[in-house]
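**Student:** can you look at this prediction? I've put the sequence above it.
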Amino acid sequence: MIVVMKQRSSEDDLKRVVDLAKSFDFETNISKGAEKTIVGIIGDNVYERREAFEALNCVEEVIPVLKPFKLVSKEFHPEKTVIEIGTEKIGEKFQFIAGPCSVESKDQMEREAEFLSNLGIKFLRGGAFKPRTSPYAFQGLGIDGLKILKEVGEKYDMRIVSEMMAPEDISIFEEYVDVIQVGTRNMQNYRLLEQLGHSTKPVMLKRGFMSTVEEWLLAGEYLYYHGNSQIILCERGIRTFEKYTRNTLDISAVPLVKILSHLPIIVDLSHATGRRDLIPPLAKAVVAVGADGVMIEVHENPEKALSDGQQSLNFEEFASTYDTSMDLVKMMEEI
Ligand code: PEP
Ligand code: MN
């Protein structure tokens, strides 16, 4: 449930609410907004204790949260969450995350980073541990790939986003990566989510390709519950009967998540479509629908890419998509 504090209530008032919750063994989560301060309270049969909270004269009202997810919900935290990654932020201005599907070599990543950072892109992606459907497909460079990412990221002042598949890899990811990606296949790997919940690194949580928005938010709840509130949601398409596209982009998930949750949400257009030609028009839709950013796979020579070339833009295509999207971002800011 949530306890809405009366306006002008003091820090002492807040402490009284938190202490009362503690006396019942409940957990609390404070959200201080511009207008109201809200204390989210979680525990067994919590709403049965509402009268004790209502009796405090600093409490305006007590409201049950009937949704299965609590900490990630808008009720618990009406203010939008902004994730800080070094000097960069996700959840404030529209951001691009770009880079190849897989890290292939140091030279390749140098050229990518040079090109993208010159455009003004601050987030560089690249897979080093790849979740490939076939065991015969390129599996990624592993830790060597992470080392390349870190070196190149430092040189070009870019934040690194890369996917972690196994809980035991946490220490190397914490060393080399700025944002740890949870891939679509692992959205419901609860041991992985628990491990990342204990991490201090921001997590980009992709939507499972067979998952509902509620299951996705509950996966986010795992991260939050275990201690990590730095979560970026990433819609990357879901599996439907349509065969022309690799997945079906659920664009409605963006405004829906914004109604349900305070977490930032971005859209991965490469995996959502599986097709290079659909990325430029859909990038406009992503900006227009109010997402916090977009992720696009970019490769200097998509035909030669070791993975996902068919859904990667070349440098020229990416630059033009970036320009058009940024024009639209500016227009959106004016309306
Ligand atoms: C990726 O980002 O390279 C990736 C494998 O994505 P997903 O988990 O969405 O398929
Ligand atoms: Mn890919």
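**Tutor:** Good, I have the coordinates. Numbering: from 1, shown residues only. Ligands and ions are numbered 1, 2, ... in the order given.
**Student:** helix or strand: which one has L282?
**Tutor:** L282 belongs to helix 279-288 when assigned by DSSP states H and E.
**Student:** just confirm yes or no for that helix near ligand 1.
**Tutor:** No. Using Cβ under 6 Å from any ligand atom, helix 279-288 never reaches ligand 1; the gap is at least 14.0 Å. (Glycine included, C-beta is placed from N, CA and C.)
**Student:** which residue does this protein have closest to ligand 1?
**Tutor:** Distances from the chain to ligand 1, computed as Cβ to the nearest ligand atom, single out G183 as the nearest residue at 3.0 Å.
**Student:** identify the residues contacting that residue.
**Tutor:** When contacts are counted by Cβ atoms under 8 Å, 6 or more residues apart in numbering, G183 touches P131, E163, M165, K206.
**Student:** for the last one, grab the count of nearby residues.
**Tutor:** Meaning K206. Other residues near K206 come to 26 when the count uses other Cβ atoms under 10 Å.
**Student:** and the one 4 residues further on, by the same measure?
**Tutor:** Around M210 there are 12 other residues, counting by other Cβ under 10 Å.
**Student:** check Q95 too.
**Tutor:** For Q95, the neighbour count with other Cβ under 10 Å is 23.
**Student:** I figured it hits R125, correct?
**Tutor:** No. Using Cβ atoms under 8 Å, Q95 makes no contact with R125, being 11.7 Å away.
**Student:** for the helix holding L282, name the packing helices and strands.
**Tutor:** helix 269-273, strand 293-298, helix 315-334 (3 or more Cβ pairs under 8 Å, 6 or more residues apart in numbering; DSSP states H and E).
**Student:** mean confidence score for it?
**Tutor:** For helix 279-288, the mean per-residue pLDDT is 98.
**Student:** for that helix, buried residues please.
**Tutor:** I279, P280, L282, A283, A285, V286, V287 (16 or more other Cβ atoms under 10 Å).
**Student:** show me the residues around the fifth one that make contact.
**Tutor:** When contacts are counted by Cβ under 8 Å, 6+ apart, A285 touches I251.
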